[in-house]
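Chemist: From the sequence below, what's the structure:
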Amino acid sequence: MKKLYKLPLIHLVICFLTLSVLAISIGCKSQISEEASSEDIVETVDDGSVESLPKEAPDQQPAFENQTRVAAVSTVTPVQVEVVAENLSHPWGITFLPDTRMLISEKTGTIRIITLQGEVGDTLLGVPPVYYRQDGGLMDITLDPDFENNRTVYWAFSEPYDTGYIASVARGILSEDESQFNDVKVIYRAPPAVAGPMHYGVRLLFDNENQMLVALGERFEHRHRIKAQELSSAFGKIIRIDGEGQPSAGNPFADDPNALAEVYATGFRDPQGLAFHPETGDLWSSDHGTRAGDEINRIVPGGNYGWPIVAYGLEYSREPIYDGLTQKEGTLQPVYYWDPAIAPGGINFYSGANIPEWKNNLFVAALRGKHLARLVIDNDKVVGEERLLTDLEQRLRTVIEGPDGNLYVSTDEDEGMIVRIRKADL
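Modeler: Below you'll find the predicted structure:
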């Protein structure tokens, strides 16, 4: 097991300020991902936050204090970062088996078991083919709440379907010898199939009623993205379904004849993070913006989070998004947003088991930003931000708390890693 560093995290802020300046997104192309790198070099600013780059949309103002560029904070507890596994192919999702081993999905289309000591198993058989390109591939993975009895696993993927590709959720039963999935079935598809390889989502999370929440993207193309506002489409939605893929009882639009009964919340662009607050039980999500406007949202059933009719940021062409509105009656504001974009992936609330000063902090894996954002939350507002793992200089996809009370993070690279963040040995 290779140790990357061992030092108080307060030093990371200093390290960050000495890094090469990040680039801004390039102008809009026919196909460009919110995760794309950019080429412009700009002067840095110092406004007391962790962000050193100027705003992409300087004329836009937050709706309330600390909605963006909150004051920087620093972790006092010394931590240690260790490589658990490496040479993985774009590891996307992580879930923990009852015996503490990890079940991980690789974006290129494979699933493996990895021990906490770093032993990497063979690829499991039975996984349906995925469309691996740009945002597409094998995405999140999670266990059935009754896994110990039924050995059922769920995963999301971009599925070749009809004349394009579709965001789908499948399930399979992990064999007793852990070599394959049996009885594999696609339980949910979000039509229509789209030829482009962008904005699938997809994050999976079971709630305390054993119902599955699925975060779905709006598939990027202008002709499709308005579907994020249409209740008859699953595009740009968080949906809530049971283990058979059917709409869950009690969903907010179940009685609306013009709505999909599985819709739980609307108005998202490309949500890739879902997490429950450990004390309030509230559902939170992350969502990718364009040139700016990456969001953290607190989700309420039936809530409309605005995209694309209300959004912070600009189009990749630097033009306003629709009418350029950042607030509108009937839509909900993000708890927090980033300008410029960091491309947020998975999110996780930390329990504080090993590092008490992190208790109930929200951790956000950043792809374009190549860091792990730590957000200090107080009364559902962000009051401090820190950027960690900047020394890795890698795109981060997923963050999750392990059964050992440590954080585990996947890096979205051709030779990706799983790293562990724990309290340092003194």
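Chemist: For the helix or strand where Arg189 lies, which outside residues touch it?
Modeler: Secondary-structure element containing Arg189, defined by DSSP states H and E: strand 181-194. Contact with strand 181-194 is made by 111, 124-128, 153-154, 159, 161-175, 214, 216, 219, 221, 224, 234-235, 239, 241, 243-245, as judged by C-beta atoms under 8 Å, 6 or more residues apart in numbering. (Each C-beta comes from the backbone N, C-alpha and C, glycine too.)
Chemist: what's the following helix or strand after it?
Modeler: Next element after strand 181-194 (DSSP H and E): strand 201-206.
Chemist: ok, the strand holding Arg189: who's next to it in the sheet?
Modeler: strand 164-174 (antiparallel) (DSSP bridges).
Chemist: From the contacts of strand 181-194, keep the buried residues only.
Modeler: Neighbour counting by 16 or more other C-beta atoms under 10 Å classes 111, 124, 126-128, 153-154, 159, 161, 164-174, 214, 216, 219, 224, 234-235, 239, 241, 243, 245 among these as buried.
Chemist: which ones are touching the nearest residue to Met198 once chain neighbours are set aside?
Modeler: Leaving aside its sequence neighbours, Met198 sits nearest to Phe220 (C-beta to C-beta, 6 or more residues apart in numbering; 3.5 Å). For Phe220, the contacting residues are 31, 196, 198-199, 270, by C-beta under 8 Å, 6+ apart.
Chemist: okay, those residues in TSV with pLDDT, neighbour count and distance to Arg395 next?
Modeler: Shown next, in TSV, are the contacts of Phe220 (pLDDT from 0 to 100; neighbours: other C-beta atoms under 10 Å; distance: C-beta to C-beta, whole Å):
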residue	pLDDT	neighbour count	distance to Arg395
Gln31	45	14	18
Gly196	92	17	21
Met198	96	23	16
His199	97	30	17
Asp270	98	30	15
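Chemist: any idea which of these is the one closest to Ser351?
Modeler: Asp270 (27.6 Å; C-beta to C-beta).
Chemist: quick one, what contacts that closest one?
Modeler: Applying C-beta under 8 Å, 6+ apart, the residues near Asp270 are 34, 135, 198-201, 217-218, 220, 287-288.
Chemist: try 7 Å
Modeler: The contact partners of Asp270, taken as C-beta atoms under 7 Å, 6 or more residues apart in numbering, are 34, 199, 201, 217, 287-288.
Chemist: Going along the chain, name the helices of this protein.
Modeler: Ranges of helices in the chain, per DSSP state H, are 10-18, 147-150, 222-225.
Chemist: And those, which one averages the lowest pLDDT?
Modeler: If you rank those by mean pLDDT, helix 10-18 sits at the bottom with a mean of 39.
Chemist: I'd say His288 and Arg269 touch.
Modeler: Yes. Contact status for His288 versus Arg269: in contact at 5.6 Å, counting by C-beta atoms under 7 Å.
Chemist: shared neighbours of those two, which are they?
Modeler: What both His288 and Arg269 touch, as defined by C-beta under 7 Å, 6+ apart, is an empty set.
Chemist: Just give the number of residues close to the residue lying closest to Ala228 once chain neighbours are set aside.
Modeler: Nearest non-adjacent residue to Ala228, counting by C-beta to C-beta, 6+ apart: Gly236, 2.5 Å away. By other C-beta atoms under 10 Å, 31 other residues sit near Gly236.
Chemist: Was I right to think Gly236 contacts Trp307?
Modeler: Yes. Gly236 is within contact range of Trp307, at 6.1 Å (criterion: C-beta under 7 Å).
Chemist: Next, show the common contact partners of these two.
Modeler: 218, 228, 267-269.
Chemist: Counting neighbours, which of the residues you listed comes out on top?
Modeler: Phe268 (30 neighbours).
Chemist: For the closest residue to Tyr154 other than its chain neighbours, list the residues it contacts.
Modeler: Of all residues not flanking Tyr154 in the chain, Arg171 sits nearest, at 4.8 Å (C-beta to C-beta, 6+ apart). Listed by C-beta under 7 Å, 6+ apart, the contact partners of Arg171 are 152-154, 185, 187.
Chemist: nearest to Val73, of those?
Modeler: Nearest to Val73 out of the contacts of Arg171 is Tyr154 (C-beta to C-beta; 35.7 Å).
Chemist: Return the distance of the closest one relative to Thr44.
Modeler: 43 Å (C-beta to C-beta, to the nearest Å).
Chemist: Give the buried residues for the strand holding Arg189.
Modeler: 181, 184, 187-190, 193-194.
Chemist: so what pLDDT did Ser45 get?
Modeler: Just to correct that, residue 45 is Val rather than Ser. pLDDT at Val45 comes out at 80.
Chemist: who's in contact with it?
Modeler: So Val45 contacts 52, 54 (C-beta under 7 Å, 6+ apart).
Chemist: same question, the one 10 residues further on
Modeler: Taking C-beta under 7 Å, 6+ apart as the definition of contact, the neighbours of Lys55 are 292, 339.
Chemist: Could you rerun that using 6 Å?
Modeler: Asp339 (C-beta atoms under 6 Å, 6 or more residues apart in numbering).
Chemist: Ok, Thr266 next?
Modeler: 237, 304.
Chemist: what's the distance between it and Ala292?
Modeler: Distance from Thr266 to Ala292, by C-beta to C-beta: 21 Å.
Chemist: How many neighbouring residues does the nearest residue in space to Glu51 that is not next to it in sequence have?
Modeler: Excluding its sequence neighbours, the residue lying closest to Glu51 (C-beta to C-beta, 6+ apart) is Arg69, at 5.7 Å. Residues near Arg69, counting by other C-beta under 10 Å, number 19.
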